[in-house]
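Novice: Any chance you could fold what I've pasted below:
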Amino acid sequence: EAAAGLPFSEEADQYSANSSSNNNLLASSDMNNAERFSIDDGDEDEGPPSIFTDAASTHLWSSRTGQDLDREELNFVLGTHNNNNNGHSAATSSANKNKKKSFISGWTSRKEHEESRKLIMMASHRLSSENNSVNISPFGVDIEDGDDIENNNYYQQQKHRMILPMCCLENIKIIFALSVLAAALVVITVAPSVLVNRNNTDGEVPWHQSPLDTARFNRIKDRILEHRISHASVLEDPSSAQYKALEWLVHYDERHVDLPQIDDEGSKMTGSNVDNEIALFQRYALAVFWFQTTDAEIVEKSLGVTVDNPSDIAWNNADGWMTSKGLCLWYGVTCHPHESYGIKYDGDFHVAMLNLTSNNIHGVLPDELFTAFLKMTALDLHENELAGTLGREMASMVELEDLYLNGNSFEGQLPDNIGALRNLQNLNVHDNEFDGPIPASIGELEKLRELGMFNNKFSGRIPLSIGRLKGLIALYLESNQLTGNIPPVIGQLTALEDIRLRNNTLNGPIPTELGELRELRTLYLDTNELSGAIPTELGALYKLDDLQMYENGLKGKLPVELAFLSGLTTLYLDSNGFTGSLPEEFGEMHALEELYISSNKFTGQLPATIRGMKSLKYFRGSDNEFEGNIPTDIGKLLKLEYLMLDSNQFTGNPPIELGELKELKAVHLHENNLSGEVPESVCNLMNSFFLNDLQADCEDDIICACCTMCH
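Specialist: Numbers count the residues shown, from 1 in each chain. Below you'll find the model as predicted:
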């Protein structure tokens, strides 16, 4: 400790003999010069300078030794007598010797002591000669006839080995003790927080706020409330996801985001300060979403279920979430491109998209996910386990273009102010449990291109305001509880390509205005209570390829205009009350692959023109009143796989041409008036090809050696 870690010198002995002469030289200085060993408070930690300049005396030792050394300390350090009293008593001399002995014994080597003392005396001599006309060397030693050059060289070589006096070392002990005490205080303060962090991954253990934490907590909370990101009631509840998110943001988030400082309380932030504030709100909101869907107690309370194992509600992928990374690197988060950093970067910038599809997310969707992301353009949370209702706060996302909440368990009514999302282009809330009427304000979404609301419990009429959605391409309202007529205003949505209104309780006639939808490709009106005839205007839907109207109360003859739909591939008209014969013109439907006309009241013979349906794979004409022979031209439908003609009034023998249909998988001829024998060529299909379902009236009227079932 006494050596203060300074190096030892083997050369010190050669200078020890000169110590007494050096002592006398220093003692010859008057007290005024001795007092020039003043200390500069500005360099507390520098220690002795590497080179003594003209101002070296002001930096000789640390300021912790005081402004001036008194004469007694100086004599003790240097081992000299007081110049003002040349005749010391024996007692004084003895005391100084004891002090010197005590001083020297505190050092590791007497050589080092002598070396240090000599350096100090040389510096003192230089200072005493500062105002005299003595030639001074650059190192503060007077040069007389060149005799002291060696001392100057020695000083230059040994100055870096200066050994601090005992008074400085004693203060170093105090400094060291204070440092140890400060370190202990840091450990005592930080250790509990570390333990809380390590043992409290769910944020359940309360943390001890410092005054700074408390002030920051309240400052951010006030700003959150001011911007209506959260409600005050939830931020005051320590068990809420909002409180835990703010707690994490202030105390545990290693990113240490904070509100930007503003000079005046009433002034408004501009430029990057606004971005920084919004970034903080977004980080907070995502933390709320995290706690709302991963904290077992919160999930249990919100869903009314029991979480037996926390892993059951763990996200499939949570990379980056709740870490020190910028939220732009959190899984599923995409930020708007930054002018300096590009598209993907470690930052907290405006979130553009949040895509967490099929991620095993349980719980209620917090309002903060709507109120904090004013520049979000896409929110995709489909195929999760989210529940609860959607609040009116959703209208805050004024720049939202795509909203996908389908495949969850949301319930209640859609917010009636959903029309505020004026930039929305895709709205998909299907496969949930929403109920109530479709909001009339939905007609304000004039940029909407896709409206997916199927497989819910929506009731009431389709709002007339839907006729304002001029850009709508897809309208999916099937599998709800909708009633009333199909609004004729739908015929004004000329951009529509896909309409699906099936599986509701819609009634009345099919609007003729639908014939104006020249871009329409898919029209599903089945499983309703529609009545009347098929409008001939539908024959103008030249791009239509899928028309399904089964299970309604439709009547009348089939309009021949349907034959104009040359691109039609699917036509389902079964389970209605259609009458008359199958129009011969249908033979022109060369692209038709599926024709379902069963369970109607069709009569007459099947037209020979049926051979023109060269793409036909499925023909279901059972449960009608067709009569006459089964046309032999049916043998030219080489792609046919399923032929269902049962429950009619066909007569004659089954045509041998059926044996040409190598793709057949099922043939039902039972419950007719057929006679004779099922051709051997048909039975050969059972052995060599795909036919595995052949049914006929082989118990009474017809002979069939290969039928799989006889009636």
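
Novice: check contacts around A245.
Specialist: Y284, A285, A287, V288, W290, F291 (Cβ atoms under 8 Å, 6 or more residues apart in numbering). The way it works is simple: take the backbone N, C-alpha and C, and place the C-beta from them, glycine included.

Novice: Could you point out which of these is nearest to E663?
Specialist: W290 (55.3 Å; Cβ to Cβ).

Novice: which ones among the contacts of A245 are found in helices?
Specialist: Residues of those located in helices (DSSP state H): Y284, A285, A287, V288, W290, F291.

Novice: where in the stretch 201-350 of the chain is pLDDT low?
Specialist: Across the stretch 201-350 of the chain, the ranges flagged by pLDDT under 70 are 201-212, 261-274.

Novice: let's see it at 50
Specialist: Within the stretch 201-350 of the chain, the segments meeting pLDDT under 50 span 201-207, 263-264, 266-267, 269-271.

Novice: quick one, strands of it?
Specialist: Taking DSSP state E, counting those that start in this stretch as the criterion, the stretch 201-350 of the chain carries its strands at 333-335.

Novice: For it, just list every one of the helices.
Specialist: With DSSP state H, counting those that start in this stretch, the ranges of helices along the stretch 201-350 of the chain come out as 211-226, 232-235, 241-247, 272-294, 296-303.

Novice: tell me the angle the longest one makes with helix 296-303.
Specialist: In this case it means helix 272-294. Per axes from the mean of the first three to the mean of the last three Cα atoms, to 10 degrees, the angle that helix 272-294 makes with helix 296-303 is 80 degrees.

Novice: just to revisit the earlier point, make a markdown table from the ones in helices among the contacts of A245 and add distance to D646 to it.
Specialist: Formatted as a markdown table, those follow (distance: Cβ to Cβ, whole Å):
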| residue | distance to D646 |
| --- | --- |
| Y284 | 67 |
| A285 | 62 |
| A287 | 64 |
| V288 | 61 |
| W290 | 60 |
| F291 | 61 |
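
Novice: So which of those is the closest to G580?
Specialist: A285 (62.8 Å).

Novice: Who are the contact partners of that closest one?
Specialist: Neighbouring residues of A285 by Cβ under 8 Å, 6+ apart: I229, A245, P366, E368, L369, T371, A372, F373.

Novice: now it: how far from Y331?
Specialist: As judged by Cβ to Cβ, to the nearest Å, A285 and Y331 stand 16 Å apart.

Novice: ok, now D431?
Specialist: Look at D431 and Y331: by Cβ to Cβ, they are 24 Å apart.

Novice: So which of these two has more stuff around it?
Specialist: Comparing D431 with Y331 by other Cβ atoms under 10 Å, the one with more neighbours is D431, at 20 against 14.

Novice: how would you label the more buried one: helix, strand or coil?
Specialist: coil (DSSP: H, G, I helix; E, B strand; the rest coil).

Novice: ok, it - contacts?
Specialist: N406, G407, N408, F454, N455, N456.

Novice: in the protein, which ranges drop under the pLDDT threshold?
Specialist: Checking the chain against pLDDT under 50 turns up 1-110, 113, 124, 127-155, 157-164, 193-207, 263-264, 266-267, 269-271.

Novice: please redo it, this time with the cut-off set to 70
Specialist: Looking at the chain by pLDDT under 70, you get 1-173, 175, 186-212, 261-274.

Novice: re the thing from before, identify, from the contacts of A245, the entry nearest to L400.
Specialist: A285 (14.5 Å).

Novice: which parts of stretch 458-465 are buried?
Specialist: Across stretch 458-465, burial judged by 16 or more other Cβ atoms under 10 Å covers F458, I462, P463, S465.

Novice: Correct me if wrong: the last one contacts I442.
Specialist: Right, S465. Yes - the pair S465 / I442 is scored as a contact, 6.6 Å apart, by Cβ atoms under 8 Å.

Novice: For the closest residue to N552 other than its chain neighbours, list the residues it contacts.
Specialist: Leaving out its chain neighbours, the residue that sits closest to N552 by Cβ to Cβ, 6 or more residues apart in numbering is L530, at 4.3 Å. Neighbour list for L530: I486, L506, N507, G508, P509, I510, M549, N552, G553, L554 [criterion: Cβ under 8 Å, 6+ apart].

Novice: Now L530: which helix or strand?
Specialist: Using DSSP states H and E, the element containing L530 is strand 529-532.

Novice: Each with direction, which strands does that strand pair with?
Specialist: In the sheet, strand 529-532 lines up against strand 505-508 (parallel), strand 553-556 (parallel) (DSSP bridges).

Novice: Helix, strand or coil: sort out R502 for me.
Specialist: coil.

Novice: Now do the same contact list for it.
Specialist: E478, S479, Y524, L525, D526, T527, N528, Q548.

Novice: wait, isn't the fourth one in contact with M549?
Specialist: Put plainly, it is L525. Yes - using Cβ under 8 Å, L525 is in contact with M549, at 5.1 Å.
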